[in-house]
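Asks: Sequence and predicted structure below; questions after.
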Amino acid sequence: MYKKILVAARGEIALRVIRACRELGVKAVAVHSEADVEALHVKLADENVCIGGSSPQESYLNIPRMISAAEITHADAIHPGYGFLSENPHFAEVCNSCHIDWIGPSPEIMQEMGNKSMARKLMEAAGLPVIPGSDGVVAGEEDAFSSAEKIGYPVMIKAVAGGGGRGIRIVKDKSELAGLLHSAGKEAEAAFGDGGLYIEKYLEKPRHIEVQVFGDGKGKVIDLGERECSIQRRHQKLIEESPSPGIDDAVRKLVREYAVKGSEYIKYGSLGTVEFLITDSKEIYFLEMNTRVQVEHPVTEMVCSYDLIKEQIILSATGSSKILNQPVPLRGYAMECRINAEDPDNDFKPAPGKITFYHPPGGPGVRVDTHLYDGYVVPPYYDSLLAKVITWGETRKEARYRMIRSLEEFVIEGVPTTIQFHLWILRNRDFINGKFDTSFIDRISK
């Protein structure tokens, strides 16, 4: 087992990894920017290192400073959490070249699956159905127009190195293509340092289903059930749950089989998520693969009763994990709401500021993953996620009622939050009946 792990993340996921390290008897090193000096992950780690200024480019995205922090603290391994450098294959390669273990899949797999166009080709070769799209990255406007005509409008422009809903544009007809291609490319370049784009058929009102996978890197892969993540705004997930209330057992079985089949084909190692779109007519299409732990991993943890971060660390350190070699029963229903520092009455504008009062919910079947405390100042430089509330129940109804009760108990003062917005969704009749798709938020907000 490792003796010391550097956590290359901030916020609630950094705390999550630090707590897993503590339970494994492993020391944890926190890195932080100048803006995060008083952050909770810094206070709770065994050691901490300031790696730069407040902007992500000066700190959390700075590979040389991350490596220096690991070397001066004699860390055996680096856990990237999610966001920032978590899906950067170059960072993983640098870690390995400096004899620091990377807790995640190999750089080669990260490179292949991080490139959305290459990932499509690999999964198609593995036998998974993929959405009709361009043959790789489009080489300028002429190629884009040709691909779009061949696919048929509407189409979706997507960043090859994309994630988090950035670099995505929906093109309804030919007249919109050039302008949206330009804006998507600029956004992708700014967000990922790669302006490459590809085009695929736009599926109207699909369900977005993802499957949690865990592999040993040698060809053995298991799945830990699917998560429903169709409740999203601007391609950002808001509410996730498991199992999905909107697919039947036949589709559930098939989508999980596809996820394992694709992951086995590339010999995936570590935690990962394979994402799919499913149409009303039950057509299943591979969307993408995330080669890291997901924001919504607690949903799966609640139904499988395992600490997936601990198992990920154990696998990286020892080459094995008990959950790869025994059946993992899934029990009950779990649901997660992401609470952001945003103003729903002002087009969800991010709202940093000082937390003047904080009271989290509790009770049976309730979990809160957060880095908040009374007096904490939410900085303006990073993602607006404040907390994740996760509830479990024997039935979906119980999990939903627990979530409503929990959000009603949750008090965050000092900054506007999305708590009331989530309560509005949870009480919507279509949500209650599981009758929703990726257009749900746009539809009920009008």
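Replies: Sure thing, it's come through.

Asks: so where's this structure shaky on pLDDT?
Replies: Applying pLDDT under 70 to the chain flags the ranges 163-164, 446.

Asks: just checking, I199 touches G133?
Replies: Yes - if you go by CB atoms under 8 Å, I199 and G133 touch, sitting 5.9 Å apart. Heads up, the C-betas are built off the backbone N, CA and C, glycines and all.

Asks: between those two, which one's more packed in?
Replies: Higher neighbour count among I199 and G133: I199, with 29 against 20, using other CB atoms under 10 Å.

Asks: Return the list of helices and strands in contact with the helix or strand hosting that one.
Replies: Assigned by DSSP states H and E, I199 falls within strand 197-201. Judged by 3 or more CB pairs under 8 Å, 6 or more residues apart in numbering; DSSP states H and E, strand 197-201 is in contact with helix 116-125, helix 141-151, strand 155-159, helix 174-192.

Asks: I'd like to check the angle between it and helix 174-192, please.
Replies: Relative orientation of strand 197-201 versus helix 174-192 (axes from the mean of the first three to the mean of the last three CA atoms, to 10 degrees): 130 degrees.

Asks: Of all the residues in strand 197-201, which ones are buried?
Replies: Of all the residues in strand 197-201, those buried under the rule 16 or more other CB atoms under 10 Å are L197, Y198, I199, E200, K201.

Asks: Please name the nearest non-neighbouring residue to S33.
Replies: Once flanking residues are discounted, S33 sits nearest to S59: 3.7 Å by CB to CB, 6 or more residues apart in numbering.

Asks: Next, count neighbours for the one you found.
Replies: Using other CB under 10 Å: S59 sits among 24 other residues.

Asks: For it, grab phi and psi.
Replies: Dihedral pair for S59: phi -140, psi -80, per degrees, to the nearest 10.

Asks: who touches it in this structure?
Replies: Counting by CB atoms under 8 Å, 6 or more residues apart in numbering, S59 touches V31, H32, S33, E34, I51, G52, G53, R65.

Asks: Apply 6 Å and report the result again.
Replies: S59 makes contacts with S33, I51, G52, as judged by CB atoms under 6 Å, 6 or more residues apart in numbering.

Asks: now it: how far from E336?
Replies: 28 Å (CB to CB, to the nearest Å).

Asks: about what we covered before: heading toward the C-terminus, what's the first helix or strand past the strand holding I199?
Replies: With DSSP H and E, the next secondary element past strand 197-201 is strand 207-216.

Asks: what's that following strand packed up against?
Replies: Other elements packing on strand 207-216 under the criterion 3 or more CB pairs under 6 Å, 6 or more residues apart in numbering; DSSP states H and E are strand 221-233, helix 249-265, strand 269-278.

Asks: between it and strand 221-233, how many degrees?
Replies: Orientation note: strand 207-216 sits at an angle of 150 degrees relative to strand 221-233 (the same axes, to 10 degrees).

Asks: Pull up the pairing partners for strand 207-216, direction included.
Replies: strand 221-233 (antiparallel), strand 269-278 (antiparallel) (DSSP bridges).

Asks: What are the contacting residues of the longest one?
Replies: Applying CB under 6 Å, 6+ apart, the set of residues contacting strand 221-233 from outside is 207-215, 237-242, 244, 256, 259-260, 263-264, 268, 299-300, 304, 330, 436-438, 440-441.

Asks: Who wins on neighbours among the contacts of S59?
Replies: In terms of neighbour count, S33 stands highest of the contacts of S59 at 23 neighbours, by other CB under 10 Å.

Asks: S54 is in contact with that one, correct?
Replies: Yes - contact criterion CB atoms under 6 Å: S33 and S54 qualify, at 5.3 Å.

Asks: Quickly list what's touching both of the two.
Replies: Contacts common to S33 and S54, judged by CB under 6 Å, 6+ apart, are absent.

Asks: Output stretch 84-92 in PDB, but only the C-alpha positions, please.
Replies: Output in PDB follows, covering the C-alpha atoms of stretch 84-92 (Å, rounded to 0.1, in the frame of the first residue of the first chain):
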ATOM      1  CA  PHE A  84      -8.600  20.100 -13.800                       C
ATOM      2  CA  LEU A  85      -5.900  17.600 -14.800                       C
ATOM      3  CA  SER A  86      -7.900  14.400 -14.100                       C
ATOM      4  CA  GLU A  87      -8.200  13.400 -17.700                       C
ATOM      5  CA  ASN A  88      -4.900  14.900 -18.900                       C
ATOM      6  CA  PRO A  89      -2.800  12.000 -20.300                       C
ATOM      7  CA  HIS A  90       0.400  14.200 -20.400                       C
ATOM      8  CA  PHE A  91       0.100  14.700 -16.600                       C
ATOM      9  CA  ALA A  92      -0.300  10.900 -16.100                       C
END
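
Asks: nearest to M118, of the strands paired with strand 207-216?
Replies: Evaluated with CB to CB, the strands paired with strand 207-216 place strand 269-278 nearest to M118, the distance being 15.0 Å.

Asks: sorry, back to before: export the contacts of S59 as a markdown table, with columns for distance to Y401 and secondary structure.
Replies: Formatted as a markdown table, the contacts of S59 follow (distance: CB to CB, whole Å; DSSP: H, G, I helix; E, B strand; the rest coil):
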| residue | distance to Y401 | secondary structure |
| --- | --- | --- |
| S33 | 40 | strand |
| I51 | 43 | strand |
| G52 | 45 | strand |
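
Asks: which among those gets closest to I151?
Replies: Using CB to CB, S33 is the member of those that sits closest to I151, with 42.5 Å.

Asks: residues contacting the closest one?
Replies: Counting by CB under 6 Å, 6+ apart, S33 makes contact with G52, S54, S59.

Asks: Now do the SS call for the second one.
Replies: What DSSP: H, G, I helix; E, B strand; the rest coil gives for S54 is coil.

Asks: and it, what does it touch?
Replies: Shown in contact with S54 (CB under 6 Å, 6+ apart): S33, E34, A35, Y381.

Asks: Ramachandran angles for it?
Replies: Per degrees, to the nearest 10, the backbone of S54 is at phi -70, psi -30.

Asks: Just give me the neighbour total for the closest residue to it other than its chain neighbours.
Replies: With CB to CB, 6+ apart as the measure, A35 is the residue that lies nearest to S54, at 3.8 Å, once sequence neighbours are left out. A count of neighbours around A35, defined by other CB under 10 Å, yields 19.

Asks: Likewise for I266?
Replies: 25.

Asks: mind checking how far it is from A159?
Replies: On the measure of CB to CB, I266 and A159 end up 21 Å apart.

Asks: show me the contacts for V211.
Replies: Listed by CB under 6 Å, 6+ apart, the contact set of V211 reads D223, E226, R256, A259, V274.

Asks: which non-adjacent residue is nearest it?
Replies: Using CB to CB, 6+ apart and skipping the chain neighbours, the partner closest in space to V211 is A259 (3.6 Å).

Asks: Let me see the contact set for that neighbour.
Replies: By CB under 6 Å, 6+ apart, the residues touching A259 are V211, V213, D223, V274.

Asks: Good, we can wrap up now.
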